[in-house]
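Novice: What follows is a predicted structure for the sequence shown.
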Amino acid sequence: MANVLQSLQSIFKIPELKRRVLYTLMILIVYRIGGHVPTAGVNGEALASYFKAQQGTLLGLYDMFVGGAFANATIFALGIMPYISASIILQLFTAVIPYFEKLQKMGEEGRKKITQYTRYGTVFLALVQSYGLSIYLEHLPAIDGVPIVPMTGWGFRLLTMLTMTTGTIFIMWLGEQISDKGIGNGISLIIFIGIVARYPTDWLNTFRAVRIGSLSTIGLVVLVVMMIGIVAAVVLMQQAQRRIPVQYAKRVVGRRVYGGQSTHIPLRLNTAGVIPVIFAQSLIMFPGTLAGFFQGNIFMEGLAAALQPGQLVHTSLYIVIIVFFAYFYTAIIFNPVDLADNMKKYGGFIPGKRPGKKTAEYIDGVLTRITLPGALFLAFIAVLPFFMQQRFNAPFVFGGTGLLIVVGVALDTLQQIESHLLMRHYDGFLKKGKLRGRRK
C-alpha cells in the first residue's frame, strides 16, 4: 500500500504527467456538469419517475452508459453512444467492404479518413436517435397527471434534435481532447465516469438495506469478499495472453544485418472485449422493451415474461448469444491471414510452422481454442448480477457490462500512467523489482 501511495505521489512530481492528469479530471468534471443540464420542454422529475420502472430494459441499459443523463433527458442524454455505434459500424465495414479495408491498410492517412467517416456517422446517428427520442417522450403517459412533455409538436422535436446532437458532438470533442492532451482513452473514460457516478448511490442503498435489516451484516461481508475476488478474476482475464513465439531470420542489407531476434504474438483470451456482452444485452432486452410499446399484446407480453432476468430461458439464451458474438467479433477484428502475410513479408516465422497458409491456420486454431474460456468468463460476469440479487438480495447491480468496462478502462489508464513514470525513472505500480535492478 505504501508503494502505491508513493507511486501516486510521483505522478505530481512530473510536470507533464501532472498537467495531463489534472486536464483529464477537468474535462470529466465538465462532462458531469453537462449531464445535469436539462433539455428544454421536458419535465425531468416526471421522466425520472417513469424510468425507475425501466431498469431491466434496453432503455435502462442505455441510461447506465450515459450516467443517468438519458433518464433525465439532459443535453447529454445520448452520451457518447452514437460515436460508439458509428465506430462499430465502421469496424464491420472494414471487414466486408474493400474500400474501407484499403483505408485501414493505408496507415495514418487511412486512419484519419476512417475517423472522419466515424464523426459523420456519429452526427447522423445522433440526429436519428434524438428524433426517435423526441417522439418517444411525446408519447409517454403522464405521471400522476403531470405530462412529461407539456408542449408537443415539431418545435419540440427540432429543439430536442439540435440540443442532443450538439451535446453528443461536444462529448465526442471532450473525449478527443482527453486522448490528445490528457491521460487514457478519452471516449472510454467518459463511459467509465458515467458508470462510476452511480456507485455512491449504490453504497448508500446498501447501508440503508443493512440498517433496515433487509441485508444482514454477515451478508454484506460475504458480498464484499465476493466482489473483491470477482474484480481480481476480471483483471486476470483482461490481462491473460497466449504468447506464440516468432523468430525473424537474419537479413543482410549492405553492411547491416537485420532481424535474427525472437519475439512473440500476444493473443488475448478476451480479444473481443466487452462488445459481445453489449450486443447480447441489447438483443435479450429488446423483446421486453418492445412489449412496453405493445401493451395488451399476448404474444409480446409472453415473450417478455419468458425473457425476464433470472429465468432459465433468459440465462441460457444470454450465454449462447455472448459466446456467439465473442467468436463473431473476434473474427472481424483479428485476421490471421493478414498477420501471417505480414510476418512472411518481414522474414518472420513460427518455429515448426511453414510461413503463409500453415501459419495462418495455426494462429486461427490457437485463437479459436482460447476464445472459448474467454467467452464463458464473459457470460459468467454477465449473469452475475442476477445471481447476486436473487441469492444475496444485493441492493445494487454488480457485474455485467459495467464491471468489465470499469476494470478495462482503469487498467488501460493505469498502464499509461505506468509508462510515464517508468520513462522518467520513477517507480511504477507494477514493475518495481526490475526497475530497481536496473538502477543498481
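Specialist: Received it, and whenever you're ready, just let me know what you need.
Novice: So which residues of this structure form strands?
Specialist: Remark: strands assigned in the chain by DSSP state E are 241-248, 251-253, 256-258, 262-268, 348-349.
Novice: okay, those, which one's buried deepest?
Specialist: Most buried of these by mean neighbour count (mean count of other CB atoms under 10 Å) is strand 348-349; its value is a mean of 20. No exception for glycine: its C-beta is placed from N, CA and C like everyone else's.
Novice: which residues touch the closest residue to Phe349 other than its chain neighbours?
Specialist: Distances taken as CB to CB, 6 or more residues apart in numbering place Pro355 nearest to Phe349, at 5.0 Å, with adjacent residues excluded. By CB atoms under 8 Å, 6 or more residues apart in numbering, the residues touching Pro355 are 340, 343-344, 348-349.
Novice: Same list, those residues, but as CSV with distance to Val128 please.
Specialist: What follows is these, written out as CSV (distance: CB to CB, whole Å):
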residue, distance to Val128
Ala340, 40
Met343, 42
Lys344, 44
Gly348, 45
Phe349, 49
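Novice: Report the buried residues of the top helix by length along the chain.
Specialist: Across the chain, the helix with the greatest residue count (assigned by DSSP state H) is helix 357-391. By neighbour count with 16 or more other CB atoms under 10 Å, helix 357-391 contains the buried residues 359-360, 362-364, 366-367, 370-371, 374-375, 377-386, 388-389.
Novice: can you give me the offset of that helix from its chain's centre?
Specialist: 17 Å (CA atoms, centre = their mean, to the nearest Å).
Novice: repeat for stretch 97-108
Specialist: For stretch 97-108, the distance to the chain centre is 25 Å (CA atoms, centre = their mean).
Novice: okay, the residue nearest to Lys113 when sequence neighbours are not counted: pLDDT?
Specialist: Closest residue to Lys113 apart from its sequence neighbours, by CB to CB, 6+ apart: Leu103 at 5.3 Å. On pLDDT, Leu103 comes in at 85.
Novice: what's the answer for Trp203, then?
Specialist: On pLDDT, Trp203 comes in at 84.
Novice: Who are the contact partners of Val149?
Specialist: The contact partners of Val149, taken as CB under 8 Å, 6+ apart, are 41-43, 137-138, 140, 156.
Novice: List just the nearest of the residues you listed to Val210.
Specialist: When those are ranked by distance to Val210 (CB to CB), Asn43 comes first, at 34.3 Å.
Novice: domain ranges for this structure?
Specialist: According to automatic domain parsing, the chain comprises the domains 1-197, 212-440.
Novice: Out of these, which gets the lowest mean score?
Specialist: Taking the mean pLDDT of these, domain 212-440 comes last: a mean of 79.
Novice: from the chain's centre, how far out does that domain sit?
Specialist: Centroid displacement of domain 212-440 relative to its chain, using CA atoms, centre = their mean, is 11 Å.
Novice: give me the number of residues near the residue nearest to Lys113?
Specialist: Leu103 has 20 neighbouring residues, counting by other CB atoms under 10 Å.
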